[in-house]
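Asker: just a sequence and a predicted model for now, questions to come.
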Amino acid sequence: MTGRWVVISTERRKRPSDFRLERHQVTRDAYCPFCPGREDLTPPEVFAYRQSGVRNGPGWELRVVPNKFPALQVEGGLDREGVGMFDRMNGIGAHEVIIETPDHLKTLASMSEGEVERVLSAFRERVRDLRQDHRLRYILLFKNHGGPAGATVEHPHSQLIALPIVPAFVLEEIDGARRHHAQKERCVFCDVVHQELTTGTRVILENADMVAIAPYAPRFPFETWVVPRRHGSRFEEAAQHEYDSLARLLKALLQRVNRALESPSYNLIVHTSPFSEDTTDFYHWHLELMPRLTKVAGFEWGTGLYINPTSPEEAARVLRDVKI
Ligand SMILES: [Zn+2]
Ligand SMILES: [Zn+2]
Ligand SMILES: [Zn+2]
């Protein structure tokens, strides 16, 4: 897809018990800024699902608020300019926090399927709203779970950052997908799903709409991709039954990961089409889950190559065989 190589290091072969696993356990926090009753500690909400109560008060089931310390801001014009040989532009964008539940101690694995689906619906609503701003070209939805994955607040939450550019990793995937489509007139993600379902060795879980696989060239041990069976380039255009299936599969996948790897910290990202480009025919939205089991070090920084001590076939087998 991207032309990326990885080193699957059989010499350093690691099974789940060989990692120095650090269980990420959520603890109560009397000063949590995301807990109900502390709505005044966050900027005013831009979106919420609530059963009762008023805006910016308790009674909500899910809240979306701007990040208090945003990486990018909504105000202003793009004003891209050249400065000598360098380019710069204003940090236009959006940085929002999706507070997934009022319950501080829940996780995506312990929420009900309905609650996970509500998180996905909020993702969709925010993307649909923000894509109307024509200064924005891309939105990344992501979740940092646990300190080693970059989380600074434990209360279950995800984030989105909307950007005035299309980032390099996304371009890499899009260019790879476009090349494949130009040669074969097929979507590379559709081809991969078809091939993986035929072989079966790297399939972790599947249901009516979604397939979870250990990708052929994973950068990290137990890296997992969740790909919809039906071709579609935009996450926010999926059908309701696909969000339901995704919620079901995501919960089951995280339960398995927690069981096999002792509830690790992880990053979860959604890759979807840029707004600014028509990728309908060849790009295919998906999720990528990266449990944080190894450290990225000099070799990886220097080369962009990753050394992965667990083969995708073994990772898939371990996650498939977990007893829930
Ligand atoms: Zn909390
Ligand atoms: Zn496809
Ligand atoms: Zn991707």
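Answerer: Arrived safely, thanks for sending. Ligands and ions are numbered 1, 2, ... in the order given.
Asker: does the residue nearest to the spatial centre of the chain have beta-bridge partners, and which?
Answerer: Geometric centre of the chain, nearest residue: Ile269, 1.4 Å, by Cα atoms, centre = their mean. Bridge pairing for Ile269 (DSSP bridges) gives the partners Phe142, Glu288.
Asker: now Val64
Answerer: Phe47, Ile98.
Asker: from Thr201, how far out is it?
Answerer: Separation of Val64 from Thr201 (Cβ to Cβ, to the nearest Å): 40 Å. (Each C-beta comes from the backbone N, C-alpha and C, glycine too.)
Asker: compare these two (neighbour count), which wins?
Answerer: Using other Cβ atoms under 10 Å as the criterion, Val64 and Thr201 rank with Val64 on top: 24 against 14.
Asker: in the protein, what helix or strand scores lowest on average pLDDT?
Answerer: One helix or strand of the chain scores below all others by mean pLDDT, DSSP states H and E: strand 81-83, with a mean of 82.
Asker: from the chain's centroid, how far away is that one?
Answerer: Mean-position distance between strand 81-83 and its chain equals 33 Å (Cα atoms, centre = their mean, to the nearest Å).
Asker: what does it contact?
Answerer: Here strand 81-83 makes contact (Cβ atoms under 8 Å, 6 or more residues apart in numbering) with 87-89.
Asker: walk me through which strands that strand pairs with, and which way each runs.
Answerer: Assessed with DSSP bridges, strand 81-83 is paired to strand 86-88 (antiparallel).
Asker: residues of the protein that sit close to ligand 1?
Answerer: Within the chain, the positions near ligand 1 by Cβ under 5 Å from the ion are 32, 34-35, 104, 155.
Asker: tally of neighbours for Asp79?
Answerer: 9.
Asker: ignore the last one, Thr198
Answerer: Should you count by other Cβ under 10 Å, Thr198 turns out to have 8 residues around it.
Asker: do you know how far it is from Pro215?
Answerer: 16 Å.
Asker: and for Glu45?
Answerer: Using Cβ to Cβ, we find Glu45 at a distance of 36 Å from Pro215.
Asker: also Lys184?
Answerer: Relative to Pro215, Lys184 is positioned 19 Å away (Cβ to Cβ).
Asker: same check on Phe123?
Answerer: With Cβ to Cβ as the criterion, Phe123 and Pro215 are 22 Å apart.
Asker: can you pull the phi and psi angles for Glu225?
Answerer: Quick fix: residue 225 is Trp, not Glu. phi -110, psi 140 (degrees, to the nearest 10).
Asker: tell me who's in contact with it.
Answerer: 212-215, 286-289.
Asker: who is it paired with across the strands?
Answerer: Ile213, Glu288.
Asker: report pLDDT for it.
Answerer: Looking at Trp225, its pLDDT reads 98.
Asker: returning to that earlier point: the residues of the chain next to ligand 1, buried ones only, as a PyMOL selection?
Answerer: Remark: buried members of those, expressed as a PyMOL selection using 16 or more other Cβ atoms under 10 Å:
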select buried, resi 34+35+104+155
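Asker: between all of the residues of the chain next to ligand 1, which two are separated the most?
Answerer: The span of the residues of the chain next to ligand 1, defined through Cβ to Cβ, is set by Phe34 and His104 at 7.6 Å.
Asker: quick one: name the residues of the stretch 201-324 of the chain near ligand 2.
Answerer: Residues of the stretch 201-324 of the chain lying close to ligand 2 (Cβ under 5 Å from the ion) are 231, 284.
Asker: and the helices in the stretch 201-324 of the chain, which stretches?
Answerer: 240-261, 298-303, 312-321 (DSSP state H, counting those that start in this stretch).
Asker: measure the residue in the chain that ligand 2 sits nearest to to ligand 1 for me?
Answerer: Residue nearest to ligand 2 within the chain: Cys187 (3.0 Å; Cβ to the ion). For Cys187, the distance to ligand 1 (Cβ to the ion, to the nearest Å) stands at 41 Å.
Asker: now do the same for that residue: its pLDDT.
Answerer: In this model, Cys187 is scored at 98, pLDDT.
Asker: what about it, neighbour count?
Answerer: Neighbours of Cys187 under the rule other Cβ under 10 Å: 22.
Asker: same thing with Ala109?
Answerer: Here the count is done by other Cβ under 10 Å, and Ala109 has 18 residues near it.
Asker: contacting residues around it?
Answerer: So Ala109 contacts 251, 254-255, 257-258 (Cβ under 8 Å, 6+ apart).
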